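In: Sequence and predicted model, in that order:
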Amino acid sequence: MIDWDDIARRAVFAVVGIGLFVALWFIASIHLHSDVLLPEPTVVFRGFIDLLRDGSLLKDVGASLKRVLGGFAIASLLAIPLSLLMASVRPLDLLMSPVISFLRPIPPIAWIPIAILWFGIGDPPSYFITAIASFFPIFINSYAGGKSVQPQHIYAARSLGAGPRALFLRIYLPSAMPMIATGLRVGLGQSWMAVVTAELIAAHSGLGYMIQANRLALETGLVLVGMCVIGLLGALMSLGLGVIERHVLIPWKQN
């Protein structure tokens, strides 16, 4: 049952919080008195409207969204099955754990030179970097979820004749789903951070490229437009993922 009072209360607090943030931004911009250091919110809003009218903002948003969703999908399709298989098959766990431990501390930005050498400039290196960035949060949470499966559930399923496939689909996957959902949320945020980094260096389109181009032209207002759009898109996608989590991935959590 939807709690409309709680939704209204959250909306009021959100509006007040955003209003306070904009007010502080306005005061700071008046104090600095420089459109290069920190333009006023109205300047940023006018820049947003201008970019929206000439169509360049929508083009860059589309390019970044495509890269984020592509890399995030690749990471999810690889990380979830691999982590659950490692959690359930001990020889595979022993074989792969050292490799994962070796690769995990390497930051996504360190992969950019390799990505450019392997894939050139454009979409492919951005897919690669966003996939690397979101893979490990998804993997680590899914692996922890797979390891937290209660042994009695496995014994009960085996005593009823469940094979490896049934164990994976009926025991490990549902039991790990809350942790998988958490990993997906964290991984999505990492994808946004990585795609901007990748577009700063290895792309000729997207919000990261737009931010870099306007930074070089000292158009700080347009830089802030790009940053605000990234924040807004990330928040909306996280909200959508939360809805999918509650109604599709772990609907029993509502109860």
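Out: Nice, thanks for sending it over.

In: Next, the spatially most central residue of the chain: secondary structure please.
Out: Residue closest to the mean C-alpha point of the chain, counted by CA atoms, centre = their mean, is Leu188 at 1.4 Å. Following DSSP: H, G, I helix; E, B strand; the rest coil, we place Leu188 in the helix state.

In: For it, give its distance to Ile100.
Out: Taking CB to CB, to the nearest Å as the measure, Leu188 falls 20 Å from Ile100. Any C-beta I mention is one placed from the backbone N, CA and C, and that applies to glycine too.

In: And for Leu32, the neighbour number?
Out: When counting by other CB atoms under 10 Å, one arrives at 13 neighbours for Leu32.

In: Surely it and Phe26 touch.
Out: No: at 11.1 Å, Leu32 and Phe26 do not qualify as touching, with contact defined as CB atoms under 8 Å.

In: hey, what's in contact with both of those two?
Out: Here Leu32 and Phe26 have no joint contacts, going by CB atoms under 8 Å, 6 or more residues apart in numbering.

In: check contacts around Trp252.
Out: Applying CB under 8 Å, 6+ apart to Trp252 gives no contacts.

In: What pLDDT is listed against it?
Out: Looking at Trp252, its pLDDT reads 70.

In: what do you get for Asn255?
Out: Predicted confidence (pLDDT) for Asn255: 52.

In: do Ser159 as well
Out: Ser159 carries a pLDDT value of 87.

In: Would you list the phi and psi of it?
Out: Backbone torsions of Ser159, given as degrees, to the nearest 10, read phi -70, psi -20.

In: per-residue pLDDT, Met1?
Out: pLDDT, read off for Met1, is 61.

In: just Asn214 next, same as before
Out: 91.

In: Which helix or strand contains it?
Out: In the assignment (DSSP states H and E), Asn214 maps to helix 207-216.

In: which secondary structure elements does the helix or strand that that helix is followed by contact?
Out: Counting by DSSP H and E, the element after helix 207-216 in chain order, helix or strand, is helix 220-244. Helix 220-244 sits against helix 41-54, helix 56-88, helix 173-202, helix 207-216, with contacts defined as 3 or more CB pairs under 8 Å, 6 or more residues apart in numbering; DSSP states H and E.

In: show me what contacts Leu173?
Out: Leu84.

In: need the contact list for the closest residue to Tyr143 other than its chain neighbours.
Out: Spatial nearest neighbour of Tyr143, chain neighbours left out: Ser83 (4.0 Å); criterion: CB to CB, 6 or more residues apart in numbering. With contact set as CB under 8 Å, 6+ apart, Ser83 has these partners: 138-140, 142-143, 145-146.

In: Per-residue pLDDT of Ala194, please?
Out: pLDDT for Ala194: 89.

In: How much space separates it from Ala115?
Out: Distance from Ala194 to Ala115, by CB to CB: 11 Å.

In: Give me the common contacts of these two.
Out: The contact sets of Ala194 and Ala115 overlap at Ile129 (CB under 8 Å, 6+ apart).

In: Neighbour count for these two, which is higher?
Out: Between Ala194 and Ala115, counting by other CB under 10 Å, Ala194 is the more crowded of the two (28 against 21).

In: If we ignore the residues flanking it in sequence, what's nearest the more buried one?
Out: Closest to Ala194 by CB to CB, 6+ apart is Ala133, at 3.4 Å.
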